[in-house]
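Q: Kindly return the folded structure for what I paste below:
(chains A, B, C and D)
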There are 2 protein chains.
Amino acid sequence: MTTRQAGLRERKKQATRVALREAALRLALERGPDDVRVDDIAEAAGVSPRTYNNYFSSREQAIVAAVTAEREARVAAAVTARPAGTGLAEAVIDAIVEHYTDPGEHGRDALLMITTRPALREAFIGATTAIERPLAEAIHERLGETGRHTARVLAASVAAAVRVALEDWVRPGSASGGLVVVSGSLPDLLRGALAPLAPALDAADQRHTRPDRSPAS
Amino acid sequence: MTTRQAGLRERKKQATRVALREAALRLALERGPDDVRVDDIAEAAGVSPRTYNNYFSSREQAIVAAVTAEREARVAAAVTARPAGTGLAEAVIDAIVEHYTDPGEHGRDALLMITTRPALREAFIGATTAIERPLAEAIHERLGETGRHTARVLAASVAAAVRVALEDWVRPGSASGGLVVVSGSLPDLLRGALAPLAPALDAADQRHTRPDRSPAS
DNA sequence: ACGCAAACTTGCGTGTACGCAACTTTTGTC
DNA sequence: GACAAAAGTTGCGTACACGCAAGTTTGCGT
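A: From the prediction side, this is the model:
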């Protein structure tokens, strides 16, 4: 076995997954997302329509995945990579802002299309949940063995905050009523949404640094 | 117009919604959830199948809604109802624990069925998102006008934490590897999951009480 | 090298979600 | 009280998600 522990099977699976999502995005950009049939995507990726559905459970999911894929892992890796002295809040927030600001290798036109069509918007927003697991592991590593549940909760909260920021970013315009006019730059929105969680992140960090009492009264 | 501003239209809509979800749950309990067709639910509620789909976008959603409905509003109301002196974290956590522990008017057999079938489990877990909006408004009222965005983020985080707790609660058993053996009582799980967020909730509360510096650096 | 077991793919069938356009009910206005 | 606009309901047609069981590929022990 020369290729690490990867295994042919796993590599093929990833290849199929990538082929499917790339095909989905390309076709959606070419013809417009409403003129892409599942069969087309499957054919372009060289698999049967049924197999397509083994990888993605909706067309929107496949298209969006081409943009959001691997962001999760990169963010988690970035969190792990911050120097150990860095506070947890700073590490997490910086990692997120950094990797969400980068539009990925796919151009802005993809994001434009996604943020324009409601169905794609929803899938895009829903994709935020995917960072929970890797992020939880990254936080868990920093907190040590005691903080496993805490790590999951914090990761889920961070994901939720990111989702809120993306909702604001993606939202059409402000209400004509003159109230909410948020739509700043994405980094600002992210920092703004994550800021309220900083106390929780740092508190967990402190508790790990000097473990004392349990949280229950 | 005798009935407040409710309007006949709105009342009929709610009645249909209730009829649909109650019918969905009743039929699912009677025959088992896999032997209930959408047409059956629609017929039992006295509407067309197409109308059913104007209210719920999946069968699971309708069944689960019968159990989770109005929890959202009750929790939000409970948060608002706590005396103003109470800390935000305490108010929110107590309100949630109180209303999620109560199994609602529908018996435990409904919950048993839901937590048994994977598809229903997922819908049940997914329903947690529904408290975000009312909870955000409740928190917003406590924080004052400055904290609108903060309130949304905190509400989303709380909902995420609740989801984590429910996932643990619903999860079959522990892994045979001997690691994670969580499954305590639901109240304990909820408090455990919400505890890490307490610092964030209280920090927001403090800031509103005496507004001073910004959270950065 | 061989062969078995597990994992993945595929075709088929069923039940479903949802856009669309016609029709009915409710609401506010004169 | 009548009417026009708004909101809701319904049938139809299309595309889709997914369980199931058969066929194919990969992994691994011998």
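
Q: need the helices for chain A, in chain order.
A: Taking DSSP state H to define them, one finds helices in chain A at A:8-31, A:38-45, A:49-55, A:59-68, A:71-81, A:88-101, A:108-116, A:118-126, A:132-143, A:148-170, A:186-194, A:198-209.

Q: Whether the fifth one contacts chain B - can you check?
A: I take that to be helix A:71-81. No. Taking C-beta under 8 Å from any C-beta of the partner chain as the criterion, helix A:71-81 and chain B are apart, separated by no less than 16.0 Å. Quick note: C-beta positions are derived from backbone N, CA and C, even for glycine.

Q: what about that helix, average pLDDT?
A: Averaging pLDDT along helix A:71-81 gives 93.

Q: Pull the number of nearby residues for the nearest residue to residue A:46 once chain neighbours are set aside.
A: Excluding the flanking residues, the one nearest residue A:46 by C-beta to C-beta, 6 or more residues apart in numbering or on different chains is residue A:19, at 6.8 Å. If you count neighbours by other C-beta atoms under 10 Å in any protein chain shown, residue A:19 ends up with 16.

Q: Touching, residue A:19 and residue A:43? I think so.
A: No. Look at residue A:19 against residue A:43 with C-beta atoms under 8 Å: they stay out of range, at 11.2 Å.

Q: Determine which residue lies closest to the centroid of chain A.
A: residue A:128 (4.1 Å; C-alpha atoms, centre = their mean).

Q: Show the contacting residues for it.
A: Each residue near residue A:128 by C-beta atoms under 8 Å, 6 or more residues apart in numbering or on different chains is listed here: A:159, A:160, A:162, A:163, A:166.

Q: Identify, from those, the entry nearest to chain B.
A: Nearest to chain B among the contacts of residue A:128 is residue A:160, at 3.8 Å by C-beta to the nearest C-beta.

Q: ok, now which ones touch that closest one?
A: Contacts of residue A:160 by C-beta under 8 Å, 6+ apart are A:128, B:153, B:156, B:157, B:159, B:160.

Q: Contact partners for the fourth one?
A: Translated: residue B:157. Going by C-beta under 8 Å, 6+ apart, residue B:157 touches A:156, A:157, A:160, A:161, A:196, A:197, A:200, B:197, B:200.

Q: Can I get the buried part of those residues as one ChimeraX selection?
A: A single ChimeraX command is used to select the members of these judged buried by 16 or more other C-beta atoms under 10 Å in any protein chain shown:
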select /A:156,157,160,161,196,197,200 /B:197,200
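
Q: of all the contacts of residue B:157, which two lie farthest apart?
A: A:156 and A:196 (14.7 Å; C-beta to C-beta).

Q: domain assignment for chain A?
A: As assigned by automatic domain parsing, chain A contains the domains A:8-65, A:70-209.

Q: For residue A:58, which non-adjacent residue is spatially closest?
A: Closest residue in space to residue A:58, ignoring its immediate chain neighbours: residue A:123 at 7.0 Å, by C-beta to C-beta, 6+ apart.

Q: What is the neighbour count of that neighbour?
A: That count, for residue A:123 with other C-beta under 10 Å as the rule, works out to 21.

Q: Tell me the residues on chain A that lie near DNA strand C, please.
A: By C-beta under 7 Å from any atom of the strand, the part of chain A that sits against DNA strand C consists of A:9, A:10, A:12, A:13, A:16, A:47, A:48, A:49, A:50, A:51, A:54.

Q: Could you export those as CSV, including neighbour count?
A: Below are the residues of chain A next to DNA strand C laid out as CSV (neighbours: other C-beta atoms under 10 Å in any protein chain shown):
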residue, neighbour count
A:9, 8
A:10, 11
A:12, 10
A:13, 13
A:16, 17
A:47, 17
A:48, 12
A:49, 13
A:50, 9
A:51, 13
A:54, 13
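
Q: which parts of chain A sit against DNA strand D?
A: A:1, A:7-10, A:12, A:36-39, A:50, A:53, A:57-59.

Q: thinking again about what came up before, in a markdown table: the domains of chain A, plus distance to residue B:109.
A: A markdown table is the format used below for these (distance: least, C-beta to C-beta, whole Å):
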| stretch | distance to residue B:109 |
| --- | --- |
| domain A:8-65 | 30 |
| domain A:70-209 | 29 |
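
Q: Out of these, which is closest to residue B:27?
A: domain A:8-65 (25.3 Å).

Q: before we move on, the earlier item: can I get the contacts of residue B:157 in CSV including pLDDT?
A: As requested, the contacts of residue B:157 are exported to CSV (pLDDT from 0 to 100):
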residue, pLDDT
A:156, 98
A:157, 98
A:160, 98
A:161, 98
A:196, 97
A:197, 98
A:200, 97
B:197, 98
B:200, 97
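
Q: Check the contacts of residue B:157 against DNA strand C and report the nearest one.
A: Nearest to DNA strand C, judged by C-beta to the nearest atom of the strand, of the contacts of residue B:157 is residue A:160 at 22.7 Å.

Q: Report the separation between the closest one and DNA strand D.
A: In this view, residue A:160 and DNA strand D are 23 Å apart by C-beta to the nearest atom of the strand, to the nearest Å.

Q: contacts for stretch A:129-148?
A: So stretch A:129-148 is in contact with A:68, A:71-73, A:75-77, A:79-80, A:84, A:88, A:91-92, A:150-152, A:154-156, A:158-159, A:162-163, A:204-205, A:207-208, A:211, B:180, going by C-beta under 8 Å, 6+ apart.

Q: I meant stretch A:25-43, not that one.
A: A:20, A:23-24, A:44, A:48-49, A:51-53, A:59, A:62-63, A:66-67, A:106, A:109-110, A:113, A:117, A:119-120.

Q: Send me that stretch as CSV with only the CA atoms.
A: This file holds the C-alpha atoms of stretch A:25-43, laid out as CSV (Å, rounded to 0.1, in the frame of the first residue of the first chain):
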residue,chain,number,x,y,z
LEU,A,25,-21.6,24.0,-10.3
ARG,A,26,-20.4,24.2,-13.9
LEU,A,27,-23.7,23.2,-15.4
ALA,A,28,-25.5,25.6,-13.1
LEU,A,29,-23.3,28.5,-14.1
GLU,A,30,-23.6,27.6,-17.8
ARG,A,31,-27.3,27.2,-18.1
GLY,A,32,-28.6,28.8,-15.0
PRO,A,33,-29.5,26.6,-12.0
ASP,A,34,-33.1,26.0,-13.0
ASP,A,35,-32.2,24.4,-16.2
VAL,A,36,-30.0,21.7,-14.8
ARG,A,37,-31.5,18.2,-14.3
VAL,A,38,-30.1,15.7,-11.9
ASP,A,39,-29.6,13.4,-14.9
ASP,A,40,-27.3,16.0,-16.5
ILE,A,41,-25.1,16.2,-13.4
ALA,A,42,-24.9,12.5,-13.1
GLU,A,43,-24.0,12.1,-16.8
